[in-house]
Structure formats: structure tokens, C-alpha cells
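In: Sequence first, predicted model second:
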2 protein chains.
Amino acid sequence: MEFKLDGLKYRNVDGTGGLVLAIAQDHKTGEVLMAAYTNREAIEKSFETGRVHYYSTSRKKLWLKGETSGHFQKIVEAYVDCDQDAVLYKVEQTGAACHEGYRTCFYRKIKDGKLVTTGKKP
Amino acid sequence: MEFKLDGLKYRNVDGTGGLVLAIAQDHKTGEVLMAAYTNREAIEKSFETGRVHYYSTSRKKLWLKGETSGHFQKIVEAYVDCDQDAVLYKVEQTGAACHEGYRTCFYRKIKDGKLVTTGKKP
């Protein structure tokens, strides 16, 4: 079956339309690195270049992950979910996925009502 | 640091406000099982019961995963991301996460412009 960008279910998030959820996962360790939004153009560019592009809802622009930090996400595999509103990229992450310097954006565990930092900085 | 539900960044998705992204991941295999939305009440119920609750944007209601299918997600660990608009639940999944019968909702790989079914049905 053909993968059609028109077949995706685009959502309107905080007033920005045409968005699909994107999750990046380390292809070796399985660690979930980040979750953000992407759009049609960003998905196209991701497949063209082999590097994950997102759409920033705050900056209202397409965004190549790693463009300024050098922390690129090289796509190893890509998946789409059942209702076609989310893509999962299994990636080779250069450096840290999180702008806070942690390997993953999910660097804090919720434990007994507290936030405990469990993430590592590479 | 205390985990505060008020500290989360709630988004408006397709006209439904107060939403946070929720990702469920198999705590043993690392497989990403599904991505959906949740809200303040659903997060509270998840921690109270130890089972993941979501908020359905189509049905406009809180939803205990497994309520009708029996395919519950028992929370083993929970994480929050840097910008606090997403939670990651590491879970023990009963049966299939996907309503299509597959273990994961991400059961189709995007490969050379095609969708290839790679998921397994338990």
C-alpha cells in the first residue's frame, strides 16, 4: 500500500493547523527521545534528507532538528499509527535530543508525586 | 521537586482544550505502543488507579484504556518531558494496544513510499 501524505490526519493544535504528532525513539536503545509536531512539508523534508524535521508551534516555522545545535536525528526507520495522526521515527541521535542537555526530553520521572531527574547528559 | 498538574502545559487540539500528549511504551521491550491525548482528570485517575486513562478527542470523553477491550495498561513508570506538554507511561500492556488487534498502533512501517505491515497480533 502506498504511503500518502494526503492520507494523514492533520490536527489543529493551539491554532496551528495541518499538524501531525512526531515521536523520536533511539533505534538501538528504544529510549523515547522526544515528542513534537510536524507537518506535511516537514515530513517530506524528513524523508528527502533522512533527517527529522519538525514544525515549531511556538516559533511557527519548520525546523530541522539539529540545525543550530548539531544534534541531528538520522532516520533509521519510520512508522505511522493506526489513525494516521502520528509518526514514529526510529533514529540515530547525535548528542542530546533535549535542549536542556539531556539525552531525552523525558529526563524526569514522576514518582510519588515528585519529579525526579533520571536523565543523563551525554 | 513536586509534580504539579497545574505545571503542565495544556494544549487545545481540534477545539478541545486542556490536553496533554500521552505516549505508552512497553516497559520491557521498549516498543512504543500508542500516542493519544490525556487531560488533568485522566492523569489524576491514571495515578490513582495505576492504569492509563486518556481523553478521546473524537468521543469527547475520558477513557480508561482497556475498559471495553480488557487491554489495560498498568503503569510501571511515568515521565514528563522538558516543556511539560507530554507524559510518557512505561506500561505492562495486556494483549494488544491497538484496536486493530496489533500489539502496537505503529504497526505499519513507511518504506520507500509504501506502507508495510510489520506489527504482530498477540
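Out: Everything's here; your move.

In: Now do the same for the residue in chain A that chain B sits nearest to: its pLDDT.
Out: Nearest to chain B in chain A, going by CB to the nearest CB, is residue A:30, at a distance of 2.5 Å. The way it works is simple: take the backbone N, C-alpha and C, and place the C-beta from them, glycine included. In this model, residue A:30 is scored at 98, pLDDT.

In: Now it. Nearest residue, chain neighbours left out?
Out: Nearest residue to residue A:30, sequence neighbours excluded (CB to CB, 6 or more residues apart in numbering or on different chains): residue B:30, at 2.5 Å.

In: Helices of chain A, start to end?
Out: Ranges of helices in chain A, per DSSP state H, are A:40-49.

In: all strands of it, in order?
Out: A:11-13, A:16-26, A:32-39, A:53-56, A:61-64, A:73-80, A:86-93, A:108-111, A:114-117 (DSSP state E).

In: Export those strands as TSV, with columns for distance to residue B:63.
Out: Formatted as TSV, the strands of chain A follow (distance: least, CB to CB, whole Å):
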stretch	distance to residue B:63
strand A:11-13	18
strand A:16-26	18
strand A:32-39	20
strand A:53-56	27
strand A:61-64	32
strand A:73-80	22
strand A:86-93	17
strand A:108-111	20
strand A:114-117	26
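
In: can you put those strands in TSV and add distance to residue B:117 and mean neighbour count?
Out: Listed next are the strands of chain A as TSV, based on distance: least, CB to CB, whole Å; neighbours: other CB atoms under 10 Å in any protein chain shown:
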stretch	distance to residue B:117	mean neighbour count
strand A:11-13	24	17
strand A:16-26	19	21
strand A:32-39	23	24
strand A:53-56	26	21
strand A:61-64	30	14
strand A:73-80	11	20
strand A:86-93	15	23
strand A:108-111	34	18
strand A:114-117	39	13
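
In: among the ones you listed, which is nearest residue B:7?
Out: Closest to residue B:7 of the strands of chain A, according to CB to CB: strand A:114-117, at 8.9 Å.
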